[in-house]
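Novice: No sequence on hand, only this structure:
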């Protein structure tokens, strides 16, 4: 008699398929990579199939793995629906939200406690980093991206435009001549991103002002850039929602304004889950109420 496959083993398989790496899957499941690797080998032995090929980048699904993934994802959606809707409307489970570092740290995190208080049974992972998790690979339930995805099984809606301006510290301006468009790249130190570490082309802010401008102090982190500018290191581009309310910073060359957009993205198969629907609605309402803070 064929033994049923334990659901826990299938959850491990799903975590590996979504993350593409044993280490990342292990972290998501709260175990070490050796343990999840052993569980995978046990599952493959039970099924009599090889589910992943090992590559330099990590684990890649085989044809058998792709077929199993489709089945397991249907099971996971059913389990998610039970967890989200089964407790008299109370949201439970884990909601993973991927946002840009600046938007997550300076905007979403400030308001997220209110959402958590409304839904105490829900665990919220706010992944605010230099880069995005992929909703198409189920690495995140909701993502706020800097551009509308061009492909994949995704549903995207524009969340909001946001404005960016040039800022400098008051003491920097006291020590240096007033910047002009002509002297910005020659008489002033610029703060910006490291070009070859940009995780999205929308972050090439200086190109919008003058393609010849080159930052002299560079960081992959917008939080680090904000601290550098605030400490008087130079002039740089920051979102208004980061710098606009900071009394230590002054907007320079006010005729220069850069506009970008946030896109709210979910996987089409999970967008109707209660926790995803509720968070999307909450975030859209939050952004609408704070539009002036984003647009400057």
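Specialist: Structure received. Keep in mind it's a predicted model, so treat the numbers as computed, not measured.
Novice: C-terminal to the lowest-mean-pLDDT helix or strand in the chain, which secondary structure element comes first?
Specialist: Ranked by mean pLDDT, DSSP states H and E, the helix or strand of the chain with the weakest confidence is helix 63-85, at a mean of 77. As assigned by DSSP states H and E, the chain's next helix or strand after helix 63-85 is strand 93-100.
Novice: hmm, who's touching that next one?
Specialist: Contacts to strand 93-100, defined as CB atoms under 8 Å, 6 or more residues apart in numbering, come from residues 80, 83-84, 108, 122-128, 132-133, 135, 139-144, 146, 222, 275-276, 279. Where you see a C-beta, it was placed from the backbone N, CA and C, and this is true even at glycine.
Novice: I'd like the average pLDDT over that strand.
Specialist: Strand 93-100 shows a mean pLDDT of 92.
Novice: elements contacting the following helix or strand past it?
Specialist: Going down the chain from strand 93-100, the next helix or strand is helix 101-103, by DSSP H and E. When contacts are defined as 3 or more CB pairs under 8 Å, 6 or more residues apart in numbering; DSSP states H and E, helix 101-103 packs onto strand 122-129, helix 222-230, helix 240-243.
Novice: Try it again at 10 Å.
Specialist: For helix 101-103, the contact count by 3 or more CB pairs under 10 Å, 6 or more residues apart in numbering; DSSP states H and E identifies strand 122-129, strand 154-169, helix 222-230, strand 235-239, helix 240-243 as packing neighbours.
Novice: Buried deepest among the ones you listed, which one?
Specialist: Highest mean neighbour count of these: strand 235-239, a mean of 25 (counted as mean count of other CB atoms under 10 Å).
Novice: Who does that one pair with, and is each partner parallel or antiparallel?
Specialist: Strand 235-239 has these partner strands in its sheet, going by DSSP bridges: strand 154-169 (antiparallel), strand 190-192 (parallel).
Novice: Distance from it to the middle of the chain?
Specialist: 20 Å (CA atoms, centre = their mean, to the nearest Å).
Novice: and it with strand 93-100, angle?
Specialist: 140 degrees (axes from the mean of the first three to the mean of the last three CA atoms, to 10 degrees).
Novice: by how many degrees do strand 235-239 and helix 222-230 diverge?
Specialist: Using the same axes, to 10 degrees, strand 235-239 lies at 130 degrees relative to helix 222-230.
Novice: Under the pLDDT cut-off, which ranges of this protein? List them.
Specialist: 1-3, 80-89, 130-131, 134, 136 (pLDDT under 70).
Novice: Okay, domains of it per the record?
Specialist: Domain ranges of the chain: 7-85, 92-295, per the TED database.
Novice: if we can go back for a sec, now do the least confident helix or strand of the chain: which elements does it pack against?
Specialist: Checking 3+ CB pairs under 10 Å, 6+ apart, helix 63-85 ends up next to helix 7-19, helix 33-47, strand 52-54, strand 59-61, strand 93-100, helix 274-289.
Novice: tell me the angle of the next helix or strand after the first one relative to helix 7-19?
Specialist: Looking back up the chat, that one is helix 7-19. Next along the chain after helix 7-19, taking DSSP H and E as the criterion, comes helix 22-29. Helix 22-29 and helix 7-19 are oriented at 130 degrees to each other (the same axes, to 10 degrees).
Novice: gap between helix 22-29 and the chain center?
Specialist: 18 Å.
Novice: and the angle for it with helix 33-47?
Specialist: Using the same axes, to 10 degrees: helix 22-29 against helix 33-47 is 100 degrees.
Novice: Run through who's touching helix 22-29.
Specialist: Outside helix 22-29, the residues that touch it by CB atoms under 10 Å, 6 or more residues apart in numbering are 8, 11-19, 21, 31-37, 39-40, 52, 54, 58-59, 94, 96, 125, 133, 139.
Novice: Could you check that helix and say which residues are buried?
Specialist: Buried residues in helix 22-29, counted by 16 or more other CB atoms under 10 Å: 22, 24-26, 28-29.
Novice: Fine, thanks again, bye for now.
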